[in-house]
Each structure stands twice: as C-alpha cells, then as structure tokens.
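A.B. asks: dropping the sequence and predicted coords here.
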Amino acid sequence: MSDVGRLALLLGFLCSLTAVASIAWGLRTGMSGPLRAGRRAVWAVCGLALLSVIILERALLARDMTYRYVAEHTSKDLPIQYAFSSLWAGQEGSLLLWLLILSAYGSAFLFAYRKRLDPFYDAVAMVIACVMVFFTGLLTFISSPFRILATPPPDGMGLNPLLQDPGMMIHPPVLYTGYVGFVVPFAFAVAVLILNRTGTRWIEEVRRWTLFCWGFLGLGILMGARWAYIELGWGGYWGWDPVENASLMPWLVGTGFLHSVMIEQRRGMLKTWNIVLIALTFELSIFGTFLTRSGVLTSVHSFAESDIGPWFLGFILLSSTLAVALILYRKALLESENRMDAIVSREGSFLFNNVLFVALTFATFLGTTFPVLSEAVTGTKISVSAPFFNRVNVPIALTLLLLTGAGPVLSWKRATASVLKRNFVLPAFMGVLATLIALPFGAGGVYPLVCIFAAAFVATTIVMEFARGVQARKSADSAPLPTAVLHLVQKNKRRYGGYIVHAGIVVLFIGVLGSSVFQKEAHAPLRYGESLHLGPYTMTLRNVEERQKANATLTTATLALQRGSRFVGVEHPSKALYTKSQQPMTEVALHVTPMEDLYMILGGVNEDGTTSIQAYINPLVSLVWGGGLIIVLGTLIAISDKMRLRREEKAAA
Amino acid sequence: MSKSIRLVVMSLVVVLAVGYLVLTGVKQTGMQYMTVSELARLDRAPKTEGFRLDGTVAAGSVDYNQRVPRLKFQMTDGKEKIAVVYDGLKPDAFADGREVVVEGAYRHTERALYASKLVTKCPSKYEAKGLGKDKS
C-alpha cells in the first residue's frame, strides 16, 4: 500500500506541473483545450491527495508499524481517535494535510466558478497549482510520509500525552484551513497582475474567500488559546509564544486587508497597497509553517528539527520576489483613481487602521525573530518575551480599538464638524462614564482605563449604528424591536456582520483586560477535610483516589466547592501518569461563571500524606471565548452577503 | 499637497512611536540568550540580571518539593551545569533529559538562575532511535 501512496504523491506532483504548464499554454495561445486539461489536473491532485491521506490513515488506524511515520507517532495502546489525529502530529503527515486542504481549496475554487469561461479564473487556478507543485514536491522528494522500516518494531514510540487531548482533534485542521486558504486571495491578486485586469469585481470575490479563511484562522487561534488555557504549563490562553505569534501575524495583516479592500471597492484607491497586503498575508502564513517546522526559534511547539526549513525559506523568497516584480511590472494598472480628500474621513481612518495593523504585525515579527536578528546584527542573542509584547503591542492594539469605534461612523471623503459632533459626543460621554465607574473597582494604570474607555466608546457607536438603522427603516418595518434588528442585519449582512465582529472584539478586549489584570492565586497542601480559600471560594478536600486506565494511571481529587456559605458543586482535578512514557498529564478542573473561572489544579499527593492543590481565579475569561464566538458569528453573517455581487452582475448584464 | 504631507507626517509619527516602543521594550525587557557554558564560565557577576537559557535537564538532578511548590534542578548543555530554581508546579512534560527554556535572574554568588518562566518543549515525537533504517 505504501507504494501506492508514494505513487499517488508522485502523480500529484506531475499533475500539478501539468496544470501549471497547460494553463500557461492555454492563456498564451487562447485555446480552451489546454485550459480545460489544466483544470482537470487540479481536480486530479485533489483526488490523489485524498488517496494518500486515506492510505496513511488506514496505516495509522491499523497501527501498521512497517510505516516509519506510524511507528514514530503512535503505539498500540493509543486510543483510536488519537491514532486518527496522528495524521497531523508529525511533519510528514502535517504537510500531507496541508496538501489535502490546498488541493481542496483549488477544487472548491474551480467548482464555484465552473460556469465562468473567463480565463481569469484559470489564471487563478494556475497560481494555486504553483503552490501545489511546491507541496507535492516536498512530499515526494524531501519528506515522504510513506517511508517503510527495514525491521518494523513490535510497538511504536507512542504519541506525546500532551497531544492526547480533544484539542488535538480539531485545533490543527481548523488552523490549517485558515492558513492554507490565504493561497486563494493571493492567487487572485497574482492573476490580476498577470492578466493586467482592471475593475473591482475580483475584489468582491476575493473578499469572500478572505473572510472565509480569515474566519477559520481566527477560530483556529481561538481553539489553540482554549487548549493552552486548560493545559497546565502552556502559559495560559496567550503566551506570545513564537508559534502563537506566527498564527497571529497573517490574521492581523488579513484584518488590515479586509478593511482597506473596502476603500478600493468604493473609491478605487490603495490598489498597490492591497496587493502588497494580500501577498504579505500569504507569505506570513507560509512563514508560520516554516517557523513551526524549522526549529530556528524555541517554542512550546517544538518539533524535531528538520531539513525542510531551507525549502520553505526558499519558497518564501522566490514567491515574494516574483510578487514584487509583478507589482512593479504592472505599476500602471495599480494607479489610484481618486485622491484622498481629507484625513478625517472613512478612508483616512481605514488608512490609519492599516498602518497600525501593519505596525502591530511588524512589532510582533520583530519580537518573534529578535534572537536571530540581534545575533546577526550585534553578535549577542537577545530574546524578548511576554513583557516586551505587552509593552509594545498593547498601546497599538488599544489605538486600534478606538479606531474600531471611530472608523465606521466617519463619512466617506470628508467628515464635517456636525457629523463628528453627532457621532462622537454620546460615545465619548459613555466612555468617560464607564471609566469613572471602573475606577473604584481598582482598575488602576493607564492602559486598563484606556481599554475601558475605548470599549464603552466602541460599544456605544455600534449600538447607535443599529439604532439608526432601525430608525431609518421604521416606516417600512413596524415589527417589534428584536425582529426589526434581525431584518436590518438581513438587509445589509456585510455591514452589520462587520459591526457584530467589532462588538466581539470589544467583548474580547474586556475579557483579556479582566483576566490579565485581576488574576488571583492560592495553593496549599491539604489533608482530608481541610480547605483552601481563594476569594469567595472554599475548596474542601474530600478524598483522592487512584484508578487504572488502558494506557495510564489516573489520580483524581474530589473537592467540595463553596462560594460564600453556599455549596456549588463537586470538582475533580486529576492527574494521569502515562504507563509507557511515565509522563504525567494534569487535567485541571474548571468552575465557570460568567464573571470568573475558578481554575483548580491537582499538584499531587505528597510524601507526608497531604495533597497539593493550587487554584486561580481568572476573571472574565468567559468573555474571551464569548467575544471570539461573536467574531465568528459576525464573520458568518458577513460572508453570507451575496447581494453586492448579484447587483453587479445585473448591472453588467 | 498639504494633505499628502500630512499623511506622510502621520505615518512617520506611527513609525517613530512604534520604533520607540520597540527600542525601549528591548532595553527594558530583553533577556540575553546564553548557553549554559557561557553563563557557568563567567568569573564575575554579569552586568545585567535577566537571562534566557536553553538546555536539557541534567539526569538525576531534579529536586521537587510539591508542598511549596518549588522545583530545583541542574541544567546542562553537555559541558557545564547551572542550578535552576523555579517556584511553581512542575510542568507535565518536565523530566530528566527534556529540553527546557528558562528565563529569570542569575545570581552569581549562588551560581543559580532564579527562573520566572519555565517552558518545557513539547516534542511531537520521541527520539526515533532504534527504529533503524528505511527499507526503501
């Protein structure tokens, strides 16, 4: 079977090459035959990638130890769901998943535009196929998942217990779907340059693809944050770890792009800038894969150092050089149609927003790669971590939060003084009010106060926008308020979806503020019947028991939890000791309320018979997850807006 | 004309502000990366206190008091050793021979690094020794 897998990948490589060559030929000569053949070759790569994945999955599920990949990442006692998810536990399998998602995007793209005969879409498919050449090539010649062992071991090396978590099942595929998806917008941009296309139609199409993968990337980051939060020793939901940063950077630039693209659509400005942003997003998502795989930086996600780093770096250099060359070559196409009328305008605030997103990305990039950079420049390796990012990124992020409120209510071209007064007096007043209310609750420091001001400011502008929309439709719609709001959103999903995303961002910021500023901690060794006190909570140790599971020994503590004098439940923090690797794995217990999480950790049973229990109160963490989910919801609403596209189609017909 | 000048000025302000933040950020929070040998071979107290060390946990050196909780161990790069003291629960993936990254203050008189952060790397696969060569 492994030979079939290897053959499938080789054929995939050849098909990708065929697709590129054939489409290029078709575009050059204007013949439709080669274009059709190229499209079919892209479909074929998808089929072949799927076949390879099925073969590797079969081997993983059967624990076929003749496969090196299976022997390295699984063992016979590994639960079946983690044998399945071992596909993306190692490098070769992860690359294969990358390829599968990439070719699925290629096919989905061709399917979506199957009725369009415009060669523009073939050019986009060609660019996607170029990226396929790289990945099929890597999998065929450099890092094959189908290596067979000369002497198969009786059992495999096993999967790291830390990866035996539901998070492993879902976080990497979702994140990859986001990462890989940025290939499509990039391909659009390159195709526009290659074919010298004018017009804004592609902008609307690319916006939806970008929203899709941007949403998935955000969801993937959120899931990673959740996993890191419940995993002990991964530094909470966000630790500014290089790999976390690597996933944040394309998200940030992608966010900037989603905003500036509106200016291009509306005013025909910033064309070069948009192409640069989308290329940057793509390169950063490849860079993210490079970071996790190359071992140049130390991270929680340490994968075995590998030899594919230079290939990725080469690919980034080559593709970005080509993109820059194309942009320079097509300078005339990217000429701006309008000039900016005033700085205090929608365009001005979006431009400022873009500058800040890029600055935020740049600062994150600098911080992440600082050890390498400082060694190259001064010879000493300096590393920066969370305090650096908090210092540099927090003020930029807070300015962006303020803009979130200001941007959407400034008018295009030029905002007059009366508009400013009408739109800003109430939000600013609410901001000041919220800040004054927060002061007695111990919200000291400039940043927390600015954050509270900005959050109230933005929330008020969003509510005002909704109120105004409902008001304007009142004559046409006499429905009760909730229905009226629903109708309003339905009428312009893109706009109000965007506002919902903004609302999610506000909620997220409050969650981050609460959990980073007001965390409390307590720990103690306890005997049965003794209690640990933290804030309003009392945790009383009832008992500790040990149980044998299939591949681990599980120690579970039972804590009776009281809030004030009221009994609220029984909690079970536990610790598993994996038999094979002798590695412990701590399962925290969480008592979640809207206002705070009580986070309980079993340290272990001590020699003197006491049991060590540690607990944290993490205020407002629910808002981090809630905010994230609101962002996803808003994205879904915005993505479902096909209206503009249809209207444009009608106008064109 | 004045508008484009204003735009340039605005961008410049942002660039300068970010540059300022980055520079002061590095100055105040940057930690010098050192190998265990470099730190162990210093014959006098270093000028700065903040250090970041990469290395592995020396076999048999782990002294963990779960009650406090306090974790003491020796870190090595194969040549020299440095004592590390970390106040906190032992991370799950922490064990003899594991790769760790610590950040903290180095006290030259004690020849010990008081770690404020301890990260245990999470290998996605264990050393694949003993699997032997490929058949094909």
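C.D. replies: Received the coordinates, thanks.

A.B. asks: gap between stretch A:36-48 and the chain center?
C.D. replies: Remark: stretch A:36-48 is offset 29 Å from the chain centroid, using Cα atoms, centre = their mean, to the nearest Å.

A.B. asks: try stretch B:108-121
C.D. replies: Relative to its chain's centre, stretch B:108-121 lies at 8 Å (Cα atoms, centre = their mean).

A.B. asks: list the buried residues for it?
C.D. replies: Applying a neighbour-count criterion of 16 or more other Cβ atoms under 10 Å in any protein chain shown, the buried positions in stretch B:108-121 are B:Ala112, B:Leu113, B:Tyr114, B:Ala115, B:Ser116, B:Lys117, B:Leu118, B:Val119, B:Thr120, B:Lys121. Where you see a C-beta, it was placed from the backbone N, CA and C, and this is true even at glycine.

A.B. asks: among those residues, which are in strands?
C.D. replies: B:Ala112, B:Leu113, B:Tyr114, B:Ala115, B:Ser116, B:Lys117, B:Leu118, B:Val119, B:Thr120 (DSSP state E).

A.B. asks: the second one and A:Pro34, how far apart?
C.D. replies: What that stands for is B:Leu113. Relative to A:Pro34, B:Leu113 is positioned 64 Å away (Cβ to Cβ, to the nearest Å).

A.B. asks: kindly report the same for the fourth one.
C.D. replies: Using Cβ to Cβ, one gets 62 Å for the distance from B:Ala115 to A:Pro34.

A.B. asks: kindly report the same for A:Phe365.
C.D. replies: Relative to A:Pro34, A:Phe365 is positioned 41 Å away (criterion: Cβ to Cβ).

A.B. asks: quick one, the helix or strand hosting B:Val102 and strand B:112-120 angle?
C.D. replies: Here B:Val102 sits within strand B:99-107, counting by DSSP states H and E. Counting by axes from the mean of the first three to the mean of the last three Cα atoms, to 10 degrees, strand B:99-107 lies at 150 degrees to strand B:112-120.

A.B. asks: put the alpha carbons of strand B:99-107 into PDB.
C.D. replies: What follows is strand B:99-107, C-alpha atoms only, in PDB (Å, rounded to 0.1, in the frame of the first residue of the first chain):
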ATOM      1  CA  GLU B  99      14.700  20.200  26.600                       C
ATOM      2  CA  VAL B 100      13.700  23.300  28.600                       C
ATOM      3  CA  VAL B 101      13.900  27.000  28.300                       C
ATOM      4  CA  VAL B 102      14.200  29.100  31.400                       C
ATOM      5  CA  GLU B 103      14.100  32.900  31.900                       C
ATOM      6  CA  GLY B 104      15.000  34.700  35.000                       C
ATOM      7  CA  ALA B 105      17.600  36.400  37.100                       C
ATOM      8  CA  TYR B 106      21.100  35.000  37.600                       C
ATOM      9  CA  ARG B 107      22.600  35.300  41.000                       C
END
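
A.B. asks: strands of the stretch 551-653 of chain A, start to end?
C.D. replies: Taking DSSP state E, counting those that start in this stretch to define them, one finds strands in the stretch 551-653 of chain A at A:552-563, A:566-571, A:574-578, A:584-587, A:589-592, A:596-605, A:611-619.

A.B. asks: would you say A:Ala479 is within a helix?
C.D. replies: No. Counting by DSSP: H, G, I helix; E, B strand; the rest coil, A:Ala479 is located in no helix; its state is coil.

A.B. asks: these two touch, right, it and A:His487?
C.D. replies: Yes. Applying Cβ atoms under 8 Å, one finds A:Ala479 in contact with A:His487, separated by 6.6 Å.

A.B. asks: over to residue 95. Which of the three states is it?
C.D. replies: Using chain A here. helix.

A.B. asks: that answer is for a different chain, and I need it for chain B
C.D. replies: B:Ala95 ends up coil, using three-state DSSP.

A.B. asks: how many neighbours does it have?
C.D. replies: 17 (other Cβ atoms under 10 Å in any protein chain shown).

A.B. asks: tell me the contacts of it?
C.D. replies: By Cβ atoms under 8 Å, 6 or more residues apart in numbering or on different chains, the contact list for B:Ala95 reads A:Gln582, A:Gln583, B:Val57, B:Val62.

A.B. asks: quick one, phi/psi of the spatially closest residue to the first one that is not a sequence neighbour?
C.D. replies: Counting by Cβ to Cβ, 6 or more residues apart in numbering or on different chains, A:Gln582 lies nearest to B:Ala95, which is 7.6 Å off, once chain neighbours are set aside. Reported as degrees, to the nearest 10, the phi and psi values for B:Ala95 are phi -160, psi 170.

A.B. asks: returning to that earlier point: buried members of the contacts of B:Ala95 into ChimeraX, please.
C.D. replies: The following ChimeraX line selects those of the contacts of B:Ala95 that are buried, judged by 16+ other Cβ under 10 Å:
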select /A:583 /B:57
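
A.B. asks: the residue nearest to B:Gly30 when sequence neighbours are not counted: what's it in contact with?
C.D. replies: Among residues not flanking B:Gly30 along the chain, A:Ile382 sits closest, at 4.5 Å (Cβ to Cβ, 6+ apart). Contacts of A:Ile382 were listed using Cβ under 8 Å, 6+ apart, and they are A:Phe370, A:Pro371, A:Ser374, B:Val26, B:Gly30, B:Met31, B:Gln32, B:Tyr33.

A.B. asks: my guess is A:Thr200 contacts A:Gly268. True?
C.D. replies: Yes. In this structure, A:Thr200 is within contact of A:Gly268 by Cβ under 8 Å, at 7.3 Å.

A.B. asks: which residues touch the residue most central in space within chain A?
C.D. replies: Nearest to the mean C-alpha position of chain A, by Cα atoms, centre = their mean, lies A:Leu217 at 2.7 Å. Neighbouring residues of A:Leu217 by Cβ under 8 Å, 6+ apart: A:Leu175, A:Gly178, A:Tyr179, A:Gly181, A:Phe182, A:Ser247, A:Pro250, A:Trp251, A:Gly254, A:Ser285.

A.B. asks: again with A:Ser383
C.D. replies: Taking Cβ under 8 Å, 6+ apart, we find A:Ser383 in contact with A:Phe370, A:Pro371, B:Gly30, B:Met31, B:Gln32, B:Tyr33, B:Arg52, B:Glu103.

A.B. asks: let's see 7 Å
C.D. replies: A:Ser383 makes contacts with A:Phe370, A:Pro371, B:Met31, B:Tyr33, B:Arg52, as judged by Cβ atoms under 7 Å, 6 or more residues apart in numbering or on different chains.

A.B. asks: residues touching the first one, list them.
C.D. replies: Going back to what we said before, that points to A:Phe370. By Cβ under 7 Å, 6+ apart, the residues touching A:Phe370 are A:Ile382, A:Ser383, A:Val384.

A.B. asks: show me where chain B has its helices.
C.D. replies: B:2-29, B:36-40 (DSSP state H).

A.B. asks: mind checking which of the contacts of A:Ile382 are in strands?
C.D. replies: Among the contacts of A:Ile382, DSSP E puts B:Met31, B:Gln32, B:Tyr33 in strands.

A.B. asks: quick check, nearest of these to chain A?
C.D. replies: Checking the ones in strands among the contacts of A:Ile382 against chain A by Cβ to the nearest Cβ gives B:Tyr33 as the nearest, at 3.4 Å.

A.B. asks: what's the local residue count around that closest one?
C.D. replies: B:Tyr33 has 21 nearby residues by other Cβ under 10 Å.
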